[in-house]
Structure formats: structure tokens, C-alpha cells
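Enquirer: Sequence first, then the predicted structure:
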Amino acid sequence: MLALAAATVVACPVEQAHYVLRHDPRVTAYFHPVDSGPDWPSHVAIAVQHKELRKTFWWLPWNGGSNGLQNVASTEDVTAKGWQPPSPDGGPRPYGDRQYIGTDIMYNLINHVPKRGEPAPAHMLFRDAAGSKDTAFLDRQFFDLVGCEKEGS
């Protein structure tokens with residue numbers, strides 16, 4: 001069974017990956033392809049959906065500078081007409097930034113943010129999430145890959 005799950009993970013491109021927050025299925029996540037330009041080279045946004053709140057929080061992945069950490073920056077709704085990626089030096093960040101950690105199925109760290117067309121991480125963790133005033137992340141827990149299908153299918 002583990003071999004089948006591993007094969008599914010390897011075969012799933014980032015832009016088709018769907019996740020559930022461990023221990024709280026009311027919170028899901030998926031990647032959405034975006035034309036984010038050269039400043040946001042992953043060309044995907046992460047949508048974190050809260051079913052109970054009926055709210056979606058959008059994040060753009062980015063690799064850190066000299067510290068080697070991976071991060072996500074909050075952004076406006078990437079599906080809204082006229083959406084433009086924010087300047088990497090500022091711009092709308094409604095929920096700030098969070099540190100991002102992606103792993104494969106064996107919890108080996110993936111040392112870069114997800115990019116369109118690459119294999120999806122099996123697990124994602126937003127390490128500095130779920131603080132006392134964090135409305136975007138309700139729990140500091142792993143998001144686990146649960147499906148691989150194109151958006152809308």
C-alpha cells in the first residue's frame with residue numbers, strides 16, 4: 001500500500017495536488033496556477049480553504065535569501081479579475097508571511113518551494129502558523145496530500 005501511495009505522490013504535479021489539514025478536515029489546501037511573473041517563479045498560488053468560515057486565503061511561495069528558508073506571502077484573491085502579483089518588496093500582504101516546509105512521503109525535506117509542473121510535496125507545514133491572532137491557520141499541523149486531480153474535475 002505504501003508503494004502505491006508513493007507512486008501516486010511522485011506522479012502528482014503540484015498544480016493538481018489537494019491537501020487536508022491533519023486532524024481537521026474542515027481546512028483544505030490546493031495549488032492554483034498563476035501568471036506570477038519573474039518575481040514569484042513558482043507560478044502557483046496556494047489556496048487554504050476554511051469550509052466552516054467559507055473563506056479562502058491565498059499565498060505565493062518564495063525561496064528565502066541567504067537563510068535558505070522557504071516561505072509563503074499572503075496575497076489578494078488570485079482568481080479575481082485583474083489580479084496582479086505584489087511587488088516582492090511590499091504590496092498587499094493581508095495576512096503577512098509564513099515559513100513553509102514541504103516534505104516527500106518519507107518526510108525528507110524538499111529544499112525549495114513548489115513549482116508548477118514539479119512533483120507535489122506529500123506533506124506541507126507552515127511552521128510559524130497558528131499563533132494566537134492567526135485567522136488564516138487554525139492549527140500548526142501538517143497538510144497531507146489526499147488527491148491529485150485538475151481543478152474543477
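Expert: Looks like it came in fine.
Enquirer: Tell me which strands the one helix or strand Asp144 maps to pairs with, and in which orientation.
Expert: Assigned by DSSP states H and E, Asp144 belongs to strand 143-148. Looking at strand 143-148 with DSSP bridges, its partner strands are strand 17-21 (antiparallel), strand 123-126 (antiparallel).
Enquirer: got the contact list for the most centrally placed residue in the chain?
Expert: Compute the mean C-alpha point of the chain, and by CA atoms, centre = their mean the closest residue is Ile46, 3.7 Å away. Listed by CB atoms under 8 Å, 6 or more residues apart in numbering, the contact partners of Ile46 are 29-32, 58-61, 72, 114, 124. Every residue, glycine included, has its C-beta placed from N, CA and C.
Enquirer: I'd like the average pLDDT over the strand holding Asp144.
Expert: Throughout strand 143-148, pLDDT has a mean value of 96.
Enquirer: Just the C-alpha atoms of it, please, in PDB.
Expert: Presented in PDB, the C-alpha positions along strand 143-148 are these (Å, rounded to 0.1, in the frame of the first residue of the first chain):
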ATOM      1  CA  PHE A 143      -1.400  19.300   5.400                       C
ATOM      2  CA  ASP A 144      -1.400  15.800   3.800                       C
ATOM      3  CA  LEU A 145      -1.700  15.100   0.100                       C
ATOM      4  CA  VAL A 146      -5.100  13.400  -0.400                       C
ATOM      5  CA  GLY A 147      -5.800  13.800  -4.100                       C
ATOM      6  CA  CYS A 148      -4.400  14.600  -7.400                       C
END
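Enquirer: which of the residues in it are buried?
Expert: Neighbour-count burial for strand 143-148 flags 143, 145, 148 (criterion: 16 or more other CB atoms under 10 Å).
Enquirer: isn't the first one right up against His18?
Expert: Meaning Phe143. No. Counting by CB atoms under 8 Å, Phe143 stays clear of His18, with 9.6 Å between them.
Enquirer: Need the overlap of contacts for those two.
Expert: In terms of CB under 8 Å, 6+ apart, Phe143 and His18 are both contacted by the residues Ala29.
Enquirer: can you give me the strands for the protein?
Expert: With DSSP state E, the ranges of strands along the chain come out as 17-21, 24-33, 44-50, 55-63, 70-75, 97-103, 109-110, 123-126, 143-148.
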